[in-house]
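# predicted structure and sequence below. I'll ask about it afterward.
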Amino acid sequence: MRPPGLQQILTIYPSPCMRIPLPHTASLLVCLSVAIVCLPVQSYSQNQPDMGLWTTFSLEKEFTKKLAAGFDQEFRLRENLTRLNLFYTNPYVTYRITKRIKAGLGYRVIEKYMYKQQNFSFRHRLMFDLSYKYKIKEFTLSYRARLQGEVKDYNTEELGKVPEYFWRNKLDVKYDFGKISPHIGCEVRYQIEDPRNPSSNYGFHRARTYAGLDYKINKTNSVGIMYLLQQEYDIDDPGTGYIVGLEYSVLLERKKKKDSGSDD
């Protein structure tokens, strides 16, 4: 069954955006963006419900006003927190093109435990991001488009050297209370090509919706917690995941040059 249309989504979720105390034009922009990006969000996979835990450590260093680099380290549990799912290391670099537009390039090494085979699947993913941020008073609307390619078990599987490609779209709305910043968002994944699952090529088959809270400890350190619902559809073995995420982040800001005070 295909995801619902726009009219169905607006019927199911008619009011949250309308209650945001923004100017009319800004409210319309937020609602339209959420409707477009979250268009396929609806669960048709009532089988295989599962609870998971994602724990993340992130470090980022600003080198200039435009250039930054960092890495993420994440560990995931599944099967109602009883089994290892995967862990990955994710170095990346970002470059700010304009005040609102930023490009990023990341490489992810993933070790995913496969219980049927009783071994680890080693995966390598390359990601190109293009993101846009727009601030409206205390609100920040963020959109990220990601194109990713990944190979699995490069030397040990027949299709290991054939990459799979996905296009991901993520929308996030955050409100700044100072040290505390609640946020909501969603992400949909579009399968361009997957040699192991060709019947699902050129279609959406996974959606994530979430709500979270970030707390800024100081200028450098922050922590976050979120609850995420992951829904799969239009694939052979769909599932639904209920996931709690915990994150600790470190941001090393660039050193700003001091004014010498000279008029020369």
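Good, I have the coordinates.

# quick one: mean pLDDT over stretch 96-110.
Per-residue pLDDT values across stretch 96-110 average out to 97.

# export only the CA atoms of that stretch, formatted as PDB.
Presented in PDB, the C-alpha positions along stretch 96-110 are these (Å, rounded to 0.1, in the frame of the first residue of the first chain):
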ATOM      1  CA  ARG A  96      29.200  27.400   5.100                       C
ATOM      2  CA  ILE A  97      28.400  28.700   1.600                       C
ATOM      3  CA  THR A  98      26.200  31.500   2.800                       C
ATOM      4  CA  LYS A  99      24.600  32.600   6.100                       C
ATOM      5  CA  ARG A 100      21.800  30.100   5.600                       C
ATOM      6  CA  ILE A 101      23.300  27.400   3.400                       C
ATOM      7  CA  LYS A 102      25.900  24.800   4.400                       C
ATOM      8  CA  ALA A 103      27.400  21.800   2.500                       C
ATOM      9  CA  GLY A 104      28.900  18.800   4.200                       C
ATOM     10  CA  LEU A 105      30.800  15.600   3.300                       C
ATOM     11  CA  GLY A 106      30.900  12.600   5.600                       C
ATOM     12  CA  TYR A 107      32.300   9.100   5.700                       C
ATOM     13  CA  ARG A 108      30.700   6.500   8.000                       C
ATOM     14  CA  VAL A 109      32.200   3.100   9.000                       C
ATOM     15  CA  ILE A 110      29.500   0.800  10.300                       C
END
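
# what comes up buried for it?
Using 16 or more other CB atoms under 10 Å as the burial criterion, the residues of stretch 96-110 that qualify are Arg96, Lys102, Gly104, Gly106, Arg108, Ile110. Using the backbone N, CA and C atoms, a C-beta is placed for each residue, glycine as well.

# give me the contact list for it.
Applying CB atoms under 8 Å, 6 or more residues apart in numbering, the contact partners of stretch 96-110 are 65-67, 86-95, 121-134.

# what about those, which are in strands?
Counting by DSSP state E, the members of the contacts of stretch 96-110 that fall within strands are 67, 86-95, 121-134.

# could you pick out the buried ones from those residues?
Buried residues within these, counting neighbours by 16+ other CB under 10 Å: 86-88, 90, 92, 94, 121-123, 125, 127, 129, 131.

# using TSV, please lay out the residues you listed together with distance to Asp214.
Written out in TSV, the entries for these read as follows (distance: CB to CB, whole Å):
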residue	distance to Asp214
Leu86	24
Phe87	23
Tyr88	21
Asn90	19
Tyr92	19
Thr94	19
Ser121	32
Phe122	32
Arg123	29
Arg125	25
Met127	22
Asp129	20
Ser131	17
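
# among those residues, which one sits closest to Gln231?
Proximity of those to Gln231 (CB to CB) peaks at Leu86, which lies at 19.1 Å.

# surely that closest one and Phe122 touch.
No - counting by CB atoms under 8 Å, Leu86 sits too far from Phe122 to count as a contact (10.5 Å).

# so Gly149 touches Ile192, yeah?
No - here Gly149 lies out of contact with Ile192, judged by CB under 8 Å, at a distance of 9.1 Å.

# need the overlap of contacts for these two.
Overlap between the contact sets of Gly149 and Ile192, as judged by CB under 8 Å, 6+ apart, is given by Tyr165.

# which of the buried residues of stretch 96-110 sit farthest apart?
Counting by CB to CB, the most remote pair of the buried residues of stretch 96-110 is Arg96 and Ile110, 27.5 Å apart.

# chain center to the host helix or strand of Gly106: distance?
When secondary structure is defined using DSSP states H and E, the element that contains Gly106 is strand 101-114. The chain centre lies 11 Å from the centre of strand 101-114; the measure is CA atoms, centre = their mean, to the nearest Å.
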